[in-house]
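Chemist: Curious how this folds, go ahead:
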Amino acid sequence: QVQLVESGGGLVQPGGSLRLSCAASGFTFSSYGMSWYRRPQGKERELVASISSDGVGTRYLDSVKGRFTISRINVKNTVYLQMNSLKPEDTAVYYCKAARLPSVYWGQGTQVTVSS
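Modeler: Residues are numbered from 1 along each chain as shown. Predicted structure coming up:
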């Protein structure tokens, strides 16, 4: 059974940091590209960051460049999103996604709230 389980979300003050984790099971993690998406309340889901299966290639949403870092440890079947200098506009439910077309898997999401 495929599972993607996100953790690490919560409430943080502006300027603070959080590290999200996504633990994968039930598929060959090292063969899949991984991504983090977010959905702010009342808005469309957007791609935040992605990383290739070997961890070499990464891409970021312009508004998070220089603040967020995506990484993965294949032997642990885990992908991370380090989020620094958080802003209120980063508030959203964050989801991880695994993709190796045609297979796509999603986690259940974790809430990140940036507020004073």
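Chemist: contacting residues for the most centrally placed residue in the chain?
Modeler: Nearest to the mean C-alpha position of the chain, by C-alpha atoms, centre = their mean, lies Trp36 at 3.0 Å. By C-beta atoms under 8 Å, 6 or more residues apart in numbering, the residues touching Trp36 are 20, 22, 47-50, 70, 79, 81, 94-97. Any C-beta I mention is one placed from the backbone N, CA and C, and that applies to glycine too.
Chemist: so what's Ile73 up against?
Modeler: Counted by C-beta under 8 Å, 6+ apart, Ile73 has contacts Tyr80.
Chemist: quick one: secondary structure of the nearest residue to Gly16 once chain neighbours are set aside?
Modeler: Once flanking residues are discounted, Gly16 sits nearest to Leu86: 5.3 Å by C-beta to C-beta, 6 or more residues apart in numbering. At Leu86 the chain is in coil, as set by DSSP: H, G, I helix; E, B strand; the rest coil.
Chemist: Leu86 is in contact with Val12, isn't it?
Modeler: Yes. Between Leu86 and Val12 there is a contact under C-beta atoms under 8 Å: 5.6 Å.
Chemist: If you count surrounding residues, which of the two has more?
Modeler: The residue with more neighbours, out of Leu86 and Val12, is Leu86; 22 against 18, by other C-beta atoms under 10 Å.
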